[in-house]
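> Turn this into a structure:
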Amino acid sequence: MAALLLALRNLGRGKKRTALLGGAIAASMFVVTLLDGVAGGLRANAEASFARLYAGHLFIQGVEKDEDGRRVPVIPDEPALEGAIRASGIGVRYLAESSGFRGVLLSRSDGASEQVVGTDEAGWRILRERLVLSQGSFDGMRDPEGIVVSDAAARSLAAGVGDEVLALLHTASGGMKAGEFTIRGISEDPGFVSSLAAYANLRYVNALLGLPPGECQTLGIYLADPDGMDAQAAKLRAALERRVSLLGGGSSLAAMTSAARTERWTGARYGLYTLDELLPALAKVGATIEAGSDALLLALLLVVMVGVANAFRMIARERAKEIGTLRALGMQRSGVRDLFMLEALFLALGGVALGLAASAIAMALGGLIDFGSAGPLYLILRGGHAAFAVSAPRLAAYAGLTALLTVLAALLPALRSAKLSPADALRADR
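Next up, the predicted model:
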């Protein structure tokens, strides 16, 4: 206890130096914590937005093959899948059925290539949480032939709410077909994914694709807690393996797609993939920012540690006579060394605490800024506001690394001071 109090007193004696060193450590911690919060927030918010647009975090797709090898993307045995979902024990908020096609939408004056997704009531409930309509309303989707298109698609078609458009598409069996839609809503343009999809009634899309009314092509699983998505997918995959045949071992979206094209079988097989597999670029962006944070922290800490080492070298010289007195009074060499180590540790902990507090305030203030409900940033915002998600394990690692390097920076001056005999220390000049 006496050593702790002495170390704190020593830091207080050199207030200006302590403030400069602690401030440098705090600034380093502030920058990397803020970057970590930005990376986590970007990933979490974009993931939440895309989960609503895709109506799920996990997705099961089915492929049926006949004896001639013709493929039909369809889920013929949904009860077996629902049983596997229940048996897996994962928390599910919604199950949403969907079918879709990429076709050409034609208005009276122009056309646009568009992905059209037909979804059920659960899917529309999820879409309402994210899809912002600039014109029309979701109530108009009671029309079986109603469709919601993006603002970019509406501009390409030169069409508005109430206008009819013709869709040209390939059916599930590979034939050509045409169908009519009526625009009932136009969604605000979210920038870089403005043409993600148009949304329509599942039953009508199935009719166009030639699928029975009660079937679908994709079963979307909207998780109650999306954290640990890969672990929940693994649980579901294990449950599915006991009930149905999986494509490519059910290991990934790429394996499933390859197996559907190359493997020979008859009947139905299924594939499971995650939202992260649909959005690999999103994971890469988050990982890049996190890697940048790590590199920046190391660079900043190396600069700070040079300053800490020089400062403790000066401190050791200034306190030489004091150290000699303490040694003459019975303090062991290990006690001198530990005294310097405690000062460095308290300095690091104080800087880390200050940096964390400053970053928390900055993130709170940043979250008050309203960027609006549309535009290219909306998908990575939360309700139009910036949001941050800090990783507790990463923060703990940052704090531990900062404390370790600070203590190591003070170690050499501490060892040199500890080696001085009381007589040499008392004779030392400042």
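> low-scoring pLDDT stretches of the stretch 251-400 of the chain, where are they?
251-262, 280-286, 289, 316, 318-331, 333-336, 372-384 (pLDDT under 70).
> One more pass at 80, please.
Under the criterion pLDDT under 80, the flagged ranges of the stretch 251-400 of the chain are 251-265, 267, 278-294, 296-298, 300-301, 304, 308, 311-341, 367-387.
> now the helices for it?
For the stretch 251-400 of the chain, the helices defined by DSSP state H, counting those that start in this stretch occupy 253-262, 275-278, 280-318, 320-328, 333-366, 392-419.
> Figure out how far the last one is from the centre of its chain.
To tie it back to what came earlier, the one meant is helix 392-419. Average the C-alpha atoms of helix 392-419, do the same for its chain, and the two points are 31 Å apart (Cα atoms, centre = their mean, to the nearest Å).
> What is the longest strand of the chain by residue count?
strand 92-106 (DSSP state E).
> elements contacting that strand?
Counting contacts by 3 or more Cβ pairs under 8 Å, 6 or more residues apart in numbering; DSSP states H and E, strand 92-106 is packed against helix 78-88, strand 111-119, helix 121-128, helix 151-157, strand 164-170, helix 202-209, strand 218-223. For glycine as for every other residue, the C-beta is placed from the backbone atoms N, C-alpha and C.
> ok so, going back, select, out of the helices of the stretch 251-400 of the chain, the one closest to residue 230.
Residue 230 lies closest to helix 275-278 among the helices of the stretch 251-400 of the chain, at 7.2 Å (Cβ to Cβ).
> Setting aside sequence neighbours, what's the nearest residue to residue 199?
In space, and not counting its chain neighbours, residue 199 is closest to residue 148: 4.6 Å by Cβ to Cβ, 6 or more residues apart in numbering.
> In what element of secondary structure is the one you found found?
Assigned by DSSP states H and E, residue 148 belongs to strand 146-150.
> relative to helix 202-209, how tilted is that strand?
90 degrees (axes from the mean of the first three to the mean of the last three Cα atoms, to 10 degrees).
> so strand 146-150 versus strand 92-106, what angle?
Computed by the same axes, to 10 degrees, the angle between strand 146-150 and strand 92-106 is 80 degrees.
> Can you tell me what sits against strand 146-150?
Outside of strand 146-150, the residues within contact range by Cβ atoms under 8 Å, 6 or more residues apart in numbering are 105, 114, 116, 131, 133, 136, 138, 140-141, 157, 165, 181-187, 189, 194-201.
> In helices only, show me the residues you listed.
residue 157 (DSSP state H).
> Can I have the buried ones of the contacts of strand 146-150 as a ChimeraX selection?
Typed into ChimeraX, the line below selects the buried ones among these, using 16 or more other Cβ atoms under 10 Å:
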select :105,114,116,131,133,136,138,140,141,157,165,181,183,184,185,186,187,189,195,196,197,198,199,200,201
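> Compile the helices and strands packed on strand 92-106 into TSV and extend it with columns for mean pLDDT.
As requested, the helices and strands packed on strand 92-106 are exported to TSV (pLDDT from 0 to 100):
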stretch	mean pLDDT
helix 78-88	91
strand 111-119	90
helix 121-128	87
helix 151-157	89
strand 164-170	94
helix 202-209	94
strand 218-223	93
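> just those: most buried one?
Relative to the other members of the helices and strands packed on strand 92-106, strand 218-223 carries the highest mean neighbour count by mean count of other Cβ atoms under 10 Å, namely a mean of 24.
> moving C-terminal of it, what's the next helix or strand?
Tracing the chain past strand 218-223, the next element assigned as helix or strand by DSSP H and E is helix 229-241.
> other SSEs contacting that next one?
Counting contacts by 3+ Cβ pairs under 8 Å, 6+ apart, helix 229-241 is packed against strand 58-65, helix 78-88, strand 218-223, strand 267-274, helix 275-278.
> Which neighbours in the sheet does the first one have, and how are they oriented?
I take that to be strand 58-65. Partner strands for strand 58-65, per DSSP bridges, with pairing direction: strand 71-73 (antiparallel), strand 218-223 (antiparallel), strand 267-274 (antiparallel).
> just to revisit the earlier point, to residue 243, which of the helices and strands packed on helix 229-241 lies closest?
For the helices and strands packed on helix 229-241, distance to residue 243 was read as Cβ to Cβ. The smallest value, 4.9 Å, belongs to helix 78-88.
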